[in-house]
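*Asks:* how would this look folded up:
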Amino acid sequence: MINIILNGANGKMGRTISEIVKGTDDLKIIAGVDKNPGSAEFPIFDNIFKITDRADVILDFSHPSALESLCSYAKERGISLVVGTTGLEEKHYEMLRELSKNVPVFVSSNMSVGVFLLVNLVKKAVEVLKDYDVEIVERHHNQKIDAPSGTALMIADAVKEIKEDCEYIYSRVDKRKKRDKNEIGIHSVRAGNLVGEHRVIIAGEDETIELIHTVTSRAVLARGALKAVRFIVSKAPGFYTMKDLV
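*Replies:* Residues are numbered from 1 along each chain as shown. Presented below is the predicted three-dimensional model:
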């Protein structure tokens, strides 16, 4: 049995993960952490250091501001950390890489295997169509805080591996000029209860290719996160991503 501490337990992803874990026979959430503790089938605390039961892994879907305490707890207890939180900055990645010297750390801004495939398809297309323009449009629900999404940036980073001189453009409102060839346009839509869509437009003269990934339920992300949990608990200390899992 893999014992999990779920950070962000009362969030939308946290509740989805809790429901899926109920239907497994190898996973158990022993405690949760949330800034708004409430009732659940396991105790939920407002501070992870209040948890005294032994866990195998921390699964985090919350806010980047929680990472410092999670890393301290994981290092102190010698347990794995899986991070699905988006909006991470370089300082957060530095913190996670430092922790990975001591415990296994898994990080992905999108836990969908389909998104991993999308990123690789985009890279393959850009390798062939290097002179084509690339635009990324992402759509999410109106409660999402960060923009652009971590997945949109993941896609853009993959394109930049091929087109190294590319510049990310988030708005053209203040630009009164033609599109530069080295631009990657990244556009965000926030509306209703959209779960998530990422559309990559690769356009040249007289033809356009579009690659689209659409999530209709958070369950796909939750299942991916639990695959990461199962994967990471048997690993040596190190920094792991979806590439390692797939």
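*Asks:* got the domain ranges for this protein?
*Replies:* Domain assignment for the chain, taken from automatic domain parsing, gives 2-107+219-245, 113-215.
*Asks:* any idea of the mean pLDDT in the longest one?
*Replies:* By that I understand domain 2-107+219-245. Mean pLDDT, computed over domain 2-107+219-245, is 94.
*Asks:* strands along the protein, start to end?
*Replies:* 2-7, 27-33, 44-45, 57-60, 80-83, 104-107, 133-140, 167-169, 183-190, 196-204, 207-215, 238-240 (DSSP state E).
*Asks:* if you count neighbours, what's buried in the fifth one?
*Replies:* Within strand 80-83, the residues that count as buried by 16 or more other Cβ atoms under 10 Å are 80-83. Quick note: C-beta positions are derived from backbone N, CA and C, even for glycine.
*Asks:* of all these, which two lie farthest apart?
*Replies:* Checked with Cβ to Cβ, those reach their widest spread between 80 and 83, with 10.6 Å between them.
*Asks:* name the residues contacting each of the two.
*Replies:* By Cβ atoms under 8 Å, 6 or more residues apart in numbering, residue 80 and residue 83 have these common neighbours: 105-106.
*Asks:* longest helix in this protein, by residue count?
*Replies:* helix 113-128 (DSSP state H).
*Asks:* what does it contact?
*Replies:* Counting by Cβ under 8 Å, 6+ apart, 110, 132, 134, 151, 154-155, 158-159, 161-163, 198, 200, 202, 209, 211, 213, 220, 224, 227, 242-243, 246 sit against helix 113-128.
*Asks:* buried ones in stretch 55-71?
*Replies:* Residues of stretch 55-71 classed as buried by neighbour count (16+ other Cβ under 10 Å): 55-64, 66-67, 70-71.
*Asks:* for the residues you listed, give me a markdown table that also has distance to residue 3.
*Replies:* Converted to a markdown table, these look like this (distance: Cβ to Cβ, whole Å):
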| residue | distance to residue 3 |
| --- | --- |
| 55 | 5 |
| 56 | 5 |
| 57 | 8 |
| 58 | 10 |
| 59 | 11 |
| 60 | 15 |
| 61 | 17 |
| 62 | 19 |
| 63 | 23 |
| 64 | 25 |
| 66 | 20 |
| 67 | 21 |
| 70 | 16 |
| 71 | 19 |
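*Asks:* closest one of those residues to residue 49?
*Replies:* Nearest member of the buried residues of stretch 55-71 to residue 49, counting by Cβ to Cβ, is residue 70, at 10.4 Å.
*Asks:* from memory the closest one sits against residue 79, does it?
*Replies:* No. At 10.2 Å, residue 70 does not count as touching residue 79 under the criterion of Cβ atoms under 8 Å.
*Asks:* could you find the closest non-adjacent residue to the most centrally placed residue in the chain?
*Replies:* Residue closest to the average C-alpha location in the chain (Cα atoms, centre = their mean): residue 109, at 1.5 Å. Spatially, and ignoring its direct neighbours in sequence, residue 109 is nearest to residue 150 (2.7 Å; Cβ to Cβ, 6 or more residues apart in numbering).
*Asks:* any idea how many residues pack against the closest residue to residue 133 other than its chain neighbours?
*Replies:* Closest residue in space to residue 133, ignoring its immediate chain neighbours: residue 203 at 4.9 Å, by Cβ to Cβ, 6+ apart. Counted by other Cβ atoms under 10 Å, the residues lying close to residue 203 total 14.
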